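J.: Sequence and predicted structure, then a few things I'm wondering about:
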Amino acid sequence: MLDYIWLIPTLPLAGSALIGLLGLFRLRATGEKLDKRIVSAIALASVGLAFILSVVLVYQLFAVEHKELFTIDMFTWLNGGSLPLADGGMARFEVPCGFQLDPLSSVMILVVTGVGFLIHVYSTGYMWDDSGYYRFFAYLNLFMFAMLTLVLANNYVMMFVGWEGVGLCSYLLIGFYFDKKSAGDAGKKAFIVNRIGDAGFLLGMMLIFVHFGSLRFEEVFAKAAQLPVETGHTFLFWATVCFFIGACGKSAQIPLYVWLPDAMEGPTPVSALIHAATMVTAGVYMVCRSNALYSRAPEAMMIVAVIGALTAIFAATIGFAQTDIKRVLAYSTVSQLGYMFAALGVGAFVGGVFHLMTHAFFKALLFLGSGSVIMAMHHEQDMMKMGGLRKYLPWTYRTMLIGTIAIAGIPPLAGFFSKDEILWKAWSNGHPVVWFVLWAGAGMTAFYMFRLLFLTFWGKERMDEHTRHHIHESPKRVVYPLAALAVLSIVGGFVGFPAWTGIANRFEHFLEPILMLPEASHSAAHHSAAQELLFTGLSVAIAAAGIFLAYRFYVLRPGTAGAVTAKIKGFYTLVYNKYYVDQLYDALFVNRTKDAGRALFFIDSKLVDGLVNFVGAGTRGTSFVSKLFDTYIVDGLVNLVGWINMRLNRIATAFQTGLVQRYALLAVVGIIVFILIYSDALSVFGKLAG
């Protein structure tokens, strides 16, 4: 059945196309929306079958055939002929439509389809009353297709197709409420910021091809494994840095993190899918997939570790002051992604993937739990207007409590095992500064997450009487996915016990075949089990301290937080306004781009037109020749420009139909055309590099 691996991404794609086309035809033919039960059945069946098929294929690969890798090329997608390489040779540029199943992609497809299916089930309850029900699930299934294509690709170009696909779907889903300006702006912001990172990804691919002559993972990593570790490789440094720029955009790291908090404008299930199982994990996956390259570029790995650690603690400080329940979780996601990148940067690739998996469980749980709270509060998201909800929402409270304990890193929940693995590897691999930053961030995470829990579910009720009277627990379709994710948040870490327990780390053993780390890199000194146990105690202690402080500030003495912020009002204002980074970006980049546009408009409308009018006025009435010049040259040029603009305008308006589905189709066609053009660009790039 391994030959049917292509069905895993195809099933959600078929579901998306079927929902979209049926919904569109139904709307055009009768003016009515497609039956929501039909939409739900198609959406759930497509993702559910993809999950079942993923389980079957992973079982067959490892338990039946005892293989570590299966790859298949469906057909040759791009053929750019022979292109010059940096060493003076030639290589044929061929890109197959191919898929690969190995331990890393196995973890990813199980997480994406499993958590994605639970989010789909939740969405059928959360979005039931929304008028765009069929459109929402068409986008959601398309998102699943793009992410599964990304993680199953066997070459960088196919990965880039999925990479761009999740970017497109994030734009569609973040801006789902397109009649709401803030949602539209957030969707555009996410799309534009990610294009910056994507430029880095493209440059990295070009560098890899002109030096290795291929973009297939097997061939690239095999050639990279032959490079000596002791010798610096400049091209690898720049290629991996370019890849990391792409990862910073997709996985919201400094300085390209600014789009992720604004992504909260989309429906809550979208936030859960983006933050837990799909888009933001793409950058972490890509860097881990490229571990054979990064392990031979230690300077690039140090950049990854530093950016990850700084992002982890920077985003955690912002989480202290936010009052929107979803924004707290958004900055928590940015911080946790920083942990994952810091792990990859210090050589703990297993720890990074481990935390990616456990984070998918408890972060999906926390986002869906916040959605349950928002539903009960009639779409109120301000925690200052909540309080005392645990008696109204008992199941939501219990499941969110489990998720909060898990993200805080308290044993024996899943977050403890993965976060402890990262902290220990940072120390044992010789990065004490990174360890300290992440250790401090762990305490901060525990504080602001329990602050969220206490402000929402404990203390005095701060909602108005009308809201209080109508609060009730969410329906079963919302609660059941919360319960399933709560169970995963409890037991999900049991696959990776630390060494001091004496229990084999099955997760590390499972991923070992794809971690092509050379022996000379990241070799840590031997540390005793007692020392590892000591550092485990330190990580638990800092988390417990954060929980205690949150309990003291918001439960025992509720006025303490206000008194403290009053004393540091200036710093609190700075943190509350997110260090004014968005305003700084507006001042440096957004507004300056607008100024450039206005300047060009001024030049066109004032200077050019003024010069034309001046010449025309000076020649009028002087002679027959000058009249001819004025009529056919001056006016002719002006009329020609107007005629060209009118024709171009008619062409442009033919594409501006207002149909989002058509825009999505054109975007896909544009990507294909771009890649075809890009194959020619490779030739030029190869000549320059040579």
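T.: Yep, that arrived. Worth saying up front: this structure is predicted, and the values here are computed from it rather than measured.

J.: residues near residue 347, how many?
T.: Here the number of neighbours of residue 347 (other CB atoms under 10 Å) works out to 27. Any C-beta I mention is one placed from the backbone N, CA and C, and that applies to glycine too.

J.: From what I see, residue 189 and residue 257 are in contact.
T.: No - the pair residue 189 / residue 257 is not scored as a contact, 11.6 Å apart, by CB atoms under 8 Å.

J.: what's the distance between the closest residue to residue 425 other than its chain neighbours and residue 279?
T.: Computed as CB to CB, 6 or more residues apart in numbering, the closest residue to residue 425 that is not its neighbour in sequence is residue 348, at 3.4 Å. From residue 348 across to residue 279, the span is 23 Å (CB to CB, to the nearest Å).

J.: So between those two, which is more surrounded?
T.: residue 279 (30 against 27).

J.: from what I can see the more buried one touches residue 250, true?
T.: Yes - the criterion here is CB under 8 Å, and residue 279 meets it with residue 250 at 6.5 Å.

J.: Quick check: the gap between the residue nearest the centre of the chain and residue 507.
T.: Most central in the chain under CA atoms, centre = their mean is residue 280, positioned 1.9 Å from the mean C-alpha point. Separation of residue 280 from residue 507 (CB to CB) stands at 21 Å.

J.: ditto for residue 140
T.: Look at residue 140 and residue 507: by CB to CB, they are 29 Å apart.

J.: same deal with residue 571?
T.: With distances taken as CB to CB, residue 571 is found 40 Å from residue 507.

J.: So for these two, which sits in the more crowded spot?
T.: Between residue 571 and residue 507, counting by other CB under 10 Å, residue 507 is the more crowded of the two (23 against 12).

J.: Return the residues in contact with the more buried one.
T.: 350, 354, 495-496 (CB atoms under 8 Å, 6 or more residues apart in numbering).

J.: can you list the weak-confidence ranges in the stretch 401-550 of the chain?
T.: Residues of the stretch 401-550 of the chain that meet the criterion pLDDT under 70 lie in 516-526.

J.: for it, what spans make up the helices?
T.: Using DSSP state H, counting those that start in this stretch, the helices of the stretch 401-550 of the chain run over 414-428, 432-457, 465-470, 476-491, 506-511, 529-551.

J.: Mind listing what's buried along the second one?
T.: Along helix 432-457, the positions that meet the burial threshold by neighbour count (16 or more other CB atoms under 10 Å) are 434-435, 437-457.

J.: I'd guessed residue 137 sits against residue 44; true?
T.: No - if you go by CB under 8 Å, residue 137 and residue 44 don't touch, sitting 9.0 Å apart.

J.: one step back: want to throw the helices of the stretch 401-550 of the chain into CSV with distance to residue 34?
T.: Listed next are the helices of the stretch 401-550 of the chain as CSV, based on distance: least, CB to CB, whole Å:
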stretch, distance to residue 34
helix 414-428, 38
helix 432-457, 36
helix 465-470, 30
helix 476-491, 19
helix 506-511, 42
helix 529-551, 46
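
J.: one step back: residue 189 and residue 257: who's more crowded?
T.: residue 257 (26 against 23).

J.: now the more buried one, nearest residue through space, not along the chain?
T.: Closest residue to residue 257 apart from its sequence neighbours, by CB to CB, 6+ apart: residue 334 at 5.2 Å.

J.: by how many degrees do the one helix or strand the one you found maps to and helix 432-457 diverge?
T.: Assigned by DSSP states H and E, residue 334 belongs to helix 325-345. Calculated by axes from the mean of the first three to the mean of the last three CA atoms, to 10 degrees, helix 325-345 forms an angle of 160 degrees with helix 432-457.

J.: so what secondary structure elements neighbour helix 325-345?
T.: Judged by 3 or more CB pairs under 8 Å, 6 or more residues apart in numbering; DSSP states H and E, helix 325-345 is in contact with helix 259-262, helix 268-272, helix 281-289, helix 298-321, helix 349-376, helix 414-428, helix 432-457.

J.: Doesn't residue 93 lie inside a strand?
T.: Yes - counting by DSSP: H, G, I helix; E, B strand; the rest coil, residue 93 is found in a strand.

J.: got the contact list for residue 581?
T.: For residue 581, the contacting residues are residue 258, by CB under 8 Å, 6+ apart.
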